[in-house]
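> Provided below are the primary sequence and the corresponding predicted coordinates.
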Amino acid sequence: MNQISEKVICIDCGAEMNHHAMKIDYSSGKGVVQEVHTCPECDRSELRQAE
Amino acid sequence: MIMSSRPLFIPVILGTVRKGRASENVAKFIFEQVGQREGVESELVDIGELKFPGDDAGEQIKHRGFCATCERADGLLLVVPEYNHGYPGMLKHVLDSNLKEYIHKAVGICGVSAGGFGGTRVIQSLLPVLRELGLVTIFWDGNFSGAQALFDEAGNIKDRDRHEKRIDKFLGELIWMSKVLRFGRQNISIS
């Protein structure tokens, strides 16, 4: 079970975003696990580094 | 749970920058077919017009317009020629410039080839790349063999009925997957 420390709020519309994926991101040169969140209202997506 | 009422957005990406590319006619044909689907909006993206730099890679060369298109997209439709059994390097370069914009979104591929296998080899070689980018591939493909002879001088496809029938199944699957994944991204938590 993945633990989410706090809710992510959409900066565009204020809705609570849905955490739907965990993805390894290599863009920094090393693999970092990112949480992927999408807004159910406006479909904006955000990455947040997993704890 | 929320079922979004906005139209699906499925851009068609022309995945080559070569001069004389036969894939351009295929992309225009596919774009026309997507445009006929109710509740689906599209846009034809020519990667040759994006003018990506070649001296860096990944998210360092993010293109604002292409990024916004992928962010808005519910699915991607790639039109990809087969070059020596592989995909165009510039397409990979362009695709690698995004990540979060792709995750849990559907992708379908139309392979284009001069020979008789309809780009099946390029499709197979592209699948692991798309998977790593977080896209979800579908099990129908578009296959366009003998690409230079498929269209008349005005760019109209010659054997329209046959190709429309095949593309109808492909689009049906891509649209279904795009709808399902949009619902999932917005409503189904992984935790």
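Right, received. Where do you want to start?
> use CA for all of it now, contacts and neighbours both
OK.
> report the secondary structure state of A:Asn47.
Rather than Asn, residue A:47 is Leu. Classification of A:Leu47 using DSSP: H, G, I helix; E, B strand; the rest coil returns strand.
> now do the contacts for it.
Neighbour list for A:Leu47: A:34-37, B:100 [criterion: CA atoms under 8 Å, 6 or more residues apart in numbering or on different chains].
> now, the residues you listed that are in strands?
Among the contacts of A:Leu47, the members found in strands (DSSP state E) are A:34-37.
> so which of those reach chain B?
Cross-checking the ones in strands among the contacts of A:Leu47 against chain B (CA under 8 Å from any CA of the partner chain) gives A:36-37 as the overlapping residues.
> distance of the closest residue to chain A within chain B from A:Arg44?
Nearest residue of chain B to chain A (CA to the nearest CA) works out as B:Gln186 at 4.2 Å. Counting by CA to CA, to the nearest Å, the separation of B:Gln186 from A:Arg44 is 10 Å.
> which of these two has more residues huddled nearby?
More crowded of B:Gln186 and A:Arg44, by other CA atoms under 10 Å in any protein chain shown: B:Gln186, with 26 against 18.
> do you know the pLDDT at the more buried one?
Turning to B:Gln186, the model gives it a pLDDT of 96.
> correct me if wrong: A:Ile9 contacts A:Ala15.
Yes - contact status for A:Ile9 versus A:Ala15: in contact at 5.7 Å, counting by CA atoms under 8 Å.
> rewinding a little: mutual contacts of B:Gln186 and A:Arg44, please.
Both B:Gln186 and A:Arg44 are in contact with A:Thr38, where contact means CA under 8 Å, 6+ apart.
> give me every residue that touches the residue of chain A found nearest chain B.
Of all residues in chain A, A:Pro40 sits closest to chain B, at 4.2 Å by CA to the nearest CA. Shown in contact with A:Pro40 (CA under 8 Å, 6+ apart): A:15-18, B:2, B:4, B:185-187.
> related to what we said a few turns ago, can you list the ones in strands among the contacts of A:Leu47 in TSV and add pLDDT?
Listed next are those as TSV, based on pLDDT from 0 to 100:
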residue	pLDDT
A:Gln34	96
A:Glu35	96
A:Val36	96
A:His37	97
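> of the ones in strands among the contacts of A:Leu47, which is the most crowded?
Of all these, the highest neighbour tally under other CA under 10 Å goes to A:His37, namely 28 neighbours.
> so what's that one up against?
Residues near A:His37 by CA under 8 Å, 6+ apart: A:8, A:17-21, A:45-48, B:185.
> what about B:Ser5, which SS state?
coil.
> what residues are up against the residue of chain B closest to chain A?
Applying CA under 8 Å, 6+ apart to B:Gln186 gives the contacts A:17-18, A:20, A:38-41, A:43, B:2.
> so which of these are in strands?
Assigned to strands by DSSP E, the following of those qualify: A:18, A:20, A:38.
> can you tell me which residues contact the closest residue to the last one other than its chain neighbours?
Read it as A:Thr38. In this structure, A:Thr38 finds its nearest non-sequential neighbour in A:Ser45, 4.3 Å apart by CA to CA, 6 or more residues apart in numbering or on different chains. Each residue near A:Ser45 by CA under 8 Å, 6+ apart is listed here: A:36-39, B:71, B:100-101.
> now the residues you listed as a markdown table including distance to B:Gly48?
What follows is the contacts of A:Ser45, written out as a markdown table (distance: CA to CA, whole Å):
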| residue | distance to B:Gly48 |
| --- | --- |
| A:Val36 | 30 |
| A:His37 | 31 |
| A:Thr38 | 30 |
| A:Cys39 | 32 |
| B:Glu71 | 20 |
| B:Lys100 | 23 |
| B:Glu101 | 20 |
